[in-house]
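K.L.:
3D model of this:
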Amino acid sequence: MSERASEPSTRSEVVDRSCARTRSWTDEAMRRVQADANRSADTHLHVVDLPAEWGVHLYLKDESVHPTGSLKHRLARSLFLYALASGWITRTTTVVEASSGSTAVSEAYFARLIGVPFVAVMPRTTSPEKVALIEREGGRCHFVERGPDVYAEAENLARECGGHYMDQFTYAERATDWRGNNNIAESILAQLGDEPYPVPEWIVVGAGTGGTSATVGRYLRYRRLPTRLAVVDPENSAYFPGWASGAHDYATGMPSRIEGIGRPRMEPSFVPDVIDVMVPVPDAASVAAVRHLHDLTGRWAGGSTGTNLWGVWQLIAGMLRDGRRGSVVTLICDGGERYRHSYFDDGWVASHGMDLAPYRRTIDRFLDSGVWEAPA
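P.N.:
This is a model prediction of the structure:
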């Protein structure tokens with residue numbers, strides 16, 4: 001049976017391009033993706049103990065408990081639902097994405113769930129651990145020599161095989177329903193409902209595609225909440241300088257060492273006008289902060305969680321200076337087990353020229369005194 005209706009013999013005939021078999025497959029694919037969400041309880045909101053006299057409550061939204069182990073599980077689910085609803089993925093479609101990280105792992109999972117092939121286009125320098133995670137979910141890895149080439153290569157590959165280029169960096173901000181429907185911002189506010197400060201002073205996130213910050217910022221405005229959105233940004237990323245200068249085409253051309261956040265260019269899904277504050281974070285500070293989190297709580301997390309926390313400590317210090325009480329929420333973006341070869345390995349840290357000691361001393365002094373002193 002042809003997927004396309006035959007051409008009408010006259011202009012007066014009704015054209016019916018639908019196909020019951022195609023719609024039936026799409027309905028089943030939609031059911032499988034939506035069932036994944038129904039099977040998953042909401043992610044936990046952990047409390048971090050701070051001195052009671054501060055009057056500040058810190059919460060970590062633990063996105064590492066998703067089936068694919070990261071915040072990107074939400075994004076991948078939304079991207080697949082959006083593409084299926086738009087008719088871009090059918091039973092014969094190969095899904096292609098430009099990603100070497102957690103998004104590719106999560107998209108490979110959903111491609112396997114609905115029974116379509118998945119190809120992740122990534123730099124050849126991608127860690128073997130990430131490649132193994134993608135392949136374990138049934139995906140195929142396609143390598144390029146230079147990181148900036150992933151976009152064009154993914155688009156060309158999708159065109160050549162008649163597939164669909166998912167393009168997370170364009171569609172992340174529009175695939176997620178920012179008005180609600182269990183997006184991450186709605187989930188955070190619901191979970192805080194019975195806490196001492198149910199409307200937080202700050203929500204702190206990083207920007208990879210820009211989809212999470214866009215969703216949170218829009219939702220806060222939609223609900224008319226006073227909560228402010230802070231976005232943290234690692235070294236080499238274009239987001240902070242682009243946001244600060246107002247240059248929407250800002251580019252550094254350099255990759256981030258903090259996986260999952262930071263981009264060499266301002267991506268289409270990044271929405272700067274919903275952000276109240278951006279905090280540039282040295283990579284060594286990100287690593288020191290995530291290691292400190294493990295020492296403090298026993299929780300393993302990735303480097304982007306450390307970036308979040310470095311921004312959190314500075315914002316809480318500002319609250320203490322101003323005599324403000326309230327709550328602050330940030331994310332555990334992914335688990336740290338997949339980074340034991342890097343952020344938690346002293347040899348890797350040394351090979352990248354990072355000195356963590358000054359940043360660790362700053363965190364320790366702050367939690368002991370409540371006073372923030374920038375690293376020497």
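K.L.:
excluding its backbone neighbours, what's nearest Arg221?
P.N.:
Val274 (6.8 Å; C-beta to C-beta, 6 or more residues apart in numbering). Every residue, glycine included, has its C-beta placed from N, CA and C.
K.L.:
and that neighbour, how many residues sit next to it?
P.N.:
Counted with other C-beta atoms under 10 Å, the burial measure for Val274 works out to 20 neighbours.
K.L.:
Now for it: which residues touch it?
P.N.:
Each residue near Val274 by C-beta atoms under 8 Å, 6 or more residues apart in numbering is listed here: 213-214, 216-218, 220-221, 229.
K.L.:
Can I get the buried ones among these as something I can paste into PyMOL?
P.N.:
Buried members of those, identified by 16 or more other C-beta atoms under 10 Å, are gathered into one PyMOL selection as follows:
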select buried, resi 213+214+216+217+218+220+229
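K.L.:
can you give me the helices for this protein?
P.N.:
Counting by DSSP state H, the chain forms helices over residues 20-39, 72-85, 102-114, 128-136, 150-161, 168-175, 184-191, 211-222, 239-245, 283-297, 303-322, 346-351, 357-369, given from the N-terminal end onward.
K.L.:
okay, the ones you listed, which one's buried deepest?
P.N.:
With neighbours defined by mean count of other C-beta atoms under 10 Å, none of the helices of the chain is more surrounded on average than helix 102-114, at a mean of 26.
K.L.:
chain center to that helix, what's the gap?
P.N.:
Chain-centre distance of helix 102-114: 14 Å, with C-alpha atoms, centre = their mean, to the nearest Å.
K.L.:
as a whole number, average confidence for it?
P.N.:
Mean pLDDT, computed over helix 102-114, is 96.
K.L.:
Give me the angle between it and helix 211-222.
P.N.:
90 degrees (axes from the mean of the first three to the mean of the last three C-alpha atoms, to 10 degrees).
K.L.:
Just the CA coordinates for helix 102-114, please, in PDB.
P.N.:
The C-alpha atoms that make up helix 102-114 are tabulated as PDB, following Å, rounded to 0.1, in the frame of the first residue of the first chain:
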ATOM      1  CA  SER A 102      23.100  12.300  27.200                       C
ATOM      2  CA  THR A 103      20.600  13.500  24.600                       C
ATOM      3  CA  ALA A 104      21.900  10.900  22.200                       C
ATOM      4  CA  VAL A 105      21.500   8.200  24.900                       C
ATOM      5  CA  SER A 106      18.000   9.200  25.600                       C
ATOM      6  CA  GLU A 107      17.000   9.600  22.000                       C
ATOM      7  CA  ALA A 108      18.400   6.100  21.300                       C
ATOM      8  CA  TYR A 109      16.200   4.800  24.100                       C
ATOM      9  CA  PHE A 110      13.000   6.200  22.600                       C
ATOM     10  CA  ALA A 111      13.900   5.200  19.000                       C
ATOM     11  CA  ARG A 112      14.300   1.600  20.300                       C
ATOM     12  CA  LEU A 113      11.000   2.000  22.200                       C
ATOM     13  CA  ILE A 114       9.100   2.700  19.000                       C
END
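K.L.:
name the helices or strands packed onto it?
P.N.:
For helix 102-114, the packing partners by 3 or more C-beta pairs under 8 Å, 6 or more residues apart in numbering; DSSP states H and E come out as helix 20-39, helix 72-85, strand 95-98, strand 118-123, helix 128-136.
K.L.:
Looking at the record's assignment, how would you partition this structure?
P.N.:
41-70+173-369, 72-172 (automatic domain parsing).
K.L.:
Work out the gap between the longest one and the centre of the chain.
P.N.:
Centroid separation between domain 41-70+173-369 and its chain, computed with C-alpha atoms, centre = their mean, is 10 Å.
K.L.:
measure it end to end?
P.N.:
Terminal residues of domain 41-70+173-369 are spaced 38 Å apart (C-alpha to C-alpha, to the nearest Å).
K.L.:
again with stretch 123-131
P.N.:
11 Å.
K.L.:
got it, and stretch 287-306?
P.N.:
Chord length of stretch 287-306, first to last residue, is 6 Å (C-alpha to C-alpha).
K.L.:
average pLDDT across that stretch?
P.N.:
In this model, stretch 287-306 has an average pLDDT of 96.
K.L.:
Ok, stretch 198-216 next?
P.N.:
Stretch 198-216 carries an average pLDDT of 96.
K.L.:
Identify the residues contacting the closest residue to Glu107 other than its chain neighbours.
P.N.:
For Glu107, the nearest residue in space outside its immediate sequence neighbours is Ala76; the separation is 4.6 Å by C-beta to C-beta, 6+ apart. For Ala76, the contacting residues are 68, 103, 106-107, 109-110, taking C-beta under 8 Å, 6+ apart as the criterion.
K.L.:
Including distance to Pro148, could those residues go into a markdown table?
P.N.:
Written out in a markdown table, the entries for these read as follows (distance: C-beta to C-beta, whole Å):
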| residue | distance to Pro148 |
| --- | --- |
| Thr68 | 26 |
| Thr103 | 17 |
| Ser106 | 23 |
| Glu107 | 20 |
| Tyr109 | 27 |
| Phe110 | 26 |
